[in-house]
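[1] Here is my input, please return the structure:
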Amino acid sequence: MAGYEVPDNDFSVPGVTSISCDVHKYGCTPKGISTLLWKNQEMRKYQYFVAAEWTGGIYATPTLTGSKNGSISAAAWGIMLSYGKEGYTENARRIREAVDKVKEGINRLPKIFVQGNPLINVVAFGSDELSVYTIYDALCEKGWHVIAMQKPPSVHICVTTANCHRVEEYVSDIENAVREEIANPSKKAGGAVALYGVADRCPDERMIGDMCAWYLDCLYEA
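    Next up, the predicted model:
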């Protein structure tokens, strides 16, 4: 509807059996109103939870999380009506224009490249020569909410209506971080650099899971 061609991504695609949607993201609604669509009723039954022998009576709920607050649903519905198809279409157009500008800006920079060919709203970059995690730390210090990824090492940003007007600033900050990394390739690792460096050197990925569990244990210690 915004004028961009995208590949089929619905139930007409072989193998697609469910479609999830976090409406609180690009739908701009309150959090807690995510939806899950199933290809048919038979598959939907597997999400139900039923306790037929509970001493408190027969308990059945369509989701594992149980009931939801009705006010969230009402707020989400009101917001969706307020935006309407026209509002969401305009948002989609602005976001896609920003995505194209981010891709073009990154591909002009030395020693880094856009991962794949982003078609919707997430743009990731990687490098065969530089530490993208050092660049990630530099972007975080600038106040950007970006995500560090692995296999392959990369950094991505979700382009939204909250940041699509700051594309030039984002690309400029990446450029400055790239220049700093090129000038100081031996900069001491910290933050994400250290974390992902350890992960890369782990001989057994199960160790990483154990370490994460120990970290969560520390958070829950009273």
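[2] Can you spell out the domain ranges of the chain, please?
    18-89, 95-215 (automatic domain parsing).
[3] export the ones you listed to TSV and tack on distance to Tyr4, mean pLDDT and mean neighbour count?
    Heads up, the C-betas are built off the backbone N, CA and C, glycines and all. Written out in TSV, the entries for those read as follows (distance: least, C-beta to C-beta, whole Å; pLDDT from 0 to 100; neighbours: other C-beta atoms under 10 Å):
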stretch	distance to Tyr4	mean pLDDT	mean neighbour count
domain 18-89	11	91	12
domain 95-215	5	88	15
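[4] can you list the ones you listed in JSON lines and add distance to Gly3?
    Formatted as JSON lines, the entries for those read as follows, by distance: least, C-beta to C-beta, whole Å:
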{"stretch": "domain 18-89", "distance to Gly3": "9"}
{"stretch": "domain 95-215", "distance to Gly3": "9"}
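[5] where's Ala148, which helix or strand?
    Counting by DSSP states H and E, the element that carries Ala148 is strand 147-149.
[6] What lies in contact with that strand?
    By C-beta atoms under 8 Å, 6 or more residues apart in numbering, the surrounding residues in contact with strand 147-149 are 124, 132-133, 136, 154-158, 192, 196.
[7] List the strands paired with that strand, with their directions.
    Pairing partners of strand 147-149, with direction, according to DSSP bridges: strand 154-158 (antiparallel).
[8] Kindly provide the distance from Glu129 to Asn163.
    Relative to Asn163, Glu129 is positioned 27 Å away (C-beta to C-beta, to the nearest Å).
[9] Let's have the contacts of strand 147-149 in a markdown table, adding distance to Met207.
    As requested, the contacts of strand 147-149 are exported to a markdown table (distance: C-beta to C-beta, whole Å):
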| residue | distance to Met207 |
| --- | --- |
| Ala124 | 26 |
| Val132 | 23 |
| Tyr133 | 20 |
| Tyr136 | 23 |
| Ser154 | 23 |
| Val155 | 24 |
| His156 | 26 |
| Ile157 | 30 |
| Cys158 | 30 |
| Ala192 | 19 |
| Tyr196 | 14 |
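[10] Find the nearest non-adjacent residue to Cys158, please.
    Nearest in space to Cys158, with sequence neighbours left out and distances taken as C-beta to C-beta, 6 or more residues apart in numbering, is Val122 at 5.4 Å.
[11] Run through the residues that contact the one you found.
    With contacts defined as C-beta under 8 Å, 6+ apart, the neighbours of Val122 are 156-159.
[12] from these, which is closest to Ala74?
    Of all the contacts of Val122, the one with the least separation from Ala74 (C-beta to C-beta) is Cys158, at 26.7 Å.
[13] any idea how far the closest one lies from Gly57?
    Using C-beta to C-beta, one obtains 44 Å as the distance from Cys158 to Gly57.
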